[in-house]
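In: can't give you the sequence, but here's the structure:
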């Protein structure tokens, strides 16, 4: 569908920017409001006779900071003249007014009604984009309520994909459904429900592994694992999963905009893993009096961060263990060939 031009079509960003600007002008005492829908309107000049003029005034109220008055007047005008040429605009602006007033779920429903009434409208894409914004803001107020709205949008995208007249249209509907699923997962992530967020990001990868959002979702799965670990602080299962996921992401998407951030997260994972393994090794070396049991952890520390003080400490402890004939050491620890660590030469500690 061709772009109908700025005089007839406002994108989401334009809508919100104009409303903010108009509201700012109203606060400063201005009485004139300009909107693409109405042109310039003097809010203090209330029309009485012309339905067209009353529509323009009601619409301008939404842009001028009195959204609910504008919504009520638009509803009255639609009831008076349901076949007027501006009725489609009025329905759309009612949703804009509700959104501006912070009534996000009501705005969502109003845009849904708009789409049912005008499925071929030039503003259909804008309406869906604003619905997605409304669902996001509703989720910040009430997560469960917001997630229900996301689910409706996802189902709508999927059903439109099935009914699409051609592959290009189907691809657009699929892309929309994927975006809604990704936004749903993001909302859950912001709510710090990392387990559920991980599952919802995985849904994107299952639904459309070739989506442009797939790399982002792979990264977020890794981030969820790390956040779960930092929240639980029990064991190393999620930490190890995060490390594998970040490594896989870096290997698969080395040029992605999140690659550098993934590398930084991986360093965080390695440092945390080493710190935890050091605690375990110290336990076996001390209270447990089982120094041989500390070797896997010492070996990991020594190999993963070879240039750190922790690695130097681990190497020293391993040498002490190998030098003590009373400590039974399994053969696999006699000859250490670790990444980044020079193997011990005959006669050195560890070659007993």
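Out: Ah, there it is. Please read these numbers as outputs of a predicted model, since none were measured by experiment.

In: Please report the distance of residue 296 from residue 166.
Out: Noted for residue 296: a distance of 58 Å to residue 166, by Cβ to Cβ, to the nearest Å. Glycine gets a C-beta too; all of them are placed from N, C-alpha and C.

In: Have a look at these two and say which one is more surrounded.
Out: residue 296 (15 against 7; other Cβ atoms under 10 Å).

In: model confidence over the one helix or strand that one maps to, on average?
Out: Assessed by DSSP states H and E, residue 296 sits inside helix 295-304. For helix 295-304, mean pLDDT rounds to 88.

In: Following it in sequence, what is the next regular element?
Out: Next element after helix 295-304 (DSSP H and E): helix 309-323.

In: Could I get the buried residue list for that following helix?
Out: The neighbour-count check on helix 309-323 (16 or more other Cβ atoms under 10 Å) flags 310-311, 313-315, 317-318, 321-322 as buried.

In: again, but for stretch 104-113
Out: 104-112.

In: pLDDT of it, averaged?
Out: Computed over stretch 104-113, the average pLDDT equals 98.

In: quick one: contacts of that stretch?
Out: With contact meaning Cβ atoms under 8 Å, 6 or more residues apart in numbering, stretch 104-113 is reached by 91-92, 94-96, 98-99, 127-128, 130-131, 134-135, 137-138, 141, 145, 149, 152.

In: can you tell me which of those residues are in helices?
Out: If you go by DSSP state H, those have 91-92, 94-96, 98-99, 127-128, 130-131, 134-135, 137-138, 141, 145, 149, 152 in helices.

In: what about the strands in the protein?
Out: Taking DSSP state E as the test, the strands found in the chain are 32-35, 39-42.

In: related to what we said a few turns ago, same list, the buried residues of stretch 104-113, but as JSON lines with distance to residue 52 please.
Out: Below are the buried residues of stretch 104-113 laid out as JSON lines (distance: Cβ to Cβ, whole Å):
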{"residue": "104", "distance to residue 52": "30"}
{"residue": "105", "distance to residue 52": "31"}
{"residue": "106", "distance to residue 52": "26"}
{"residue": "107", "distance to residue 52": "25"}
{"residue": "108", "distance to residue 52": "29"}
{"residue": "109", "distance to residue 52": "27"}
{"residue": "110", "distance to residue 52": "22"}
{"residue": "111", "distance to residue 52": "24"}
{"residue": "112", "distance to residue 52": "27"}
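
In: And the residues you listed, which is closest to residue 55?
Out: Nearest to residue 55 out of the buried residues of stretch 104-113 is residue 110 (Cβ to Cβ; 16.8 Å).

In: pLDDT at the nearest residue to that closest one once chain neighbours are set aside, what is it?
Out: Excluding the flanking residues, the one nearest residue 110 by Cβ to Cβ, 6 or more residues apart in numbering is residue 95, at 3.7 Å. If you check residue 95, the pLDDT there is 97.

In: what's the spacing between residue 95 and residue 301?
Out: The gap separating residue 95 from residue 301 is 58 Å, by Cβ to Cβ.

In: more neighbours, these two?
Out: residue 301 (28 against 24).

In: so what's the more buried one closest to, chain neighbours aside?
Out: Nearest to residue 301 is residue 314, by Cβ to Cβ, 6+ apart, at 4.0 Å.

In: Same question for residue 280.
Out: Closest residue to residue 280 apart from its sequence neighbours, by Cβ to Cβ, 6+ apart: residue 297 at 5.0 Å.

In: Tell me who's in contact with that neighbour.
Out: 277-278, 280-281, 284.

In: What are the buried residues along stretch 131-147?
Out: For stretch 131-147, burial by neighbour count (16+ other Cβ under 10 Å) applies to 131-139, 143, 146-147.

In: how many neighbours does the closest residue to residue 293 other than its chain neighbours have?
Out: Counting by Cβ to Cβ, 6+ apart, residue 293 lies nearest to residue 284, which is 4.3 Å off, once chain neighbours are set aside. Residues contacting residue 284 under the criterion other Cβ under 10 Å number 18.

In: Could I get the full set of helices for the protein?
Out: With DSSP H as the criterion, the chain has helices at 12-27, 51-63, 67-80, 87-100, 104-117, 124-141, 143-163, 167-190, 194-207, 214-232, 237-252, 259-285, 295-304, 309-323.

In: now the ones you listed as CSV including distance to residue 329?
Out: Shown next, in CSV, are these (distance: least, Cβ to Cβ, whole Å):
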stretch, distance to residue 329
helix 12-27, 66
helix 51-63, 78
helix 67-80, 76
helix 87-100, 69
helix 104-117, 64
helix 124-141, 56
helix 143-163, 53
helix 167-190, 45
helix 194-207, 40
helix 214-232, 31
helix 237-252, 25
helix 259-285, 13
helix 295-304, 7
helix 309-323, 6
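
In: what's the least confident stretch among those helices?
Out: Averaging pLDDT over each of those puts helix 12-27 lowest, since it has a mean of 46.

In: list the buried ones in the helix holding residue 296?
Out: Result for helix 295-304 [16+ other Cβ under 10 Å]: buried residues 295, 297-304.

In: same check, this time on stretch 146-166
Out: Across stretch 146-166, burial judged by 16+ other Cβ under 10 Å covers 146-147, 149-150, 152-154, 156-158, 160-161.

In: So what's the residue count around residue 248?
Out: Residues near residue 248, counting by other Cβ under 10 Å, number 14.
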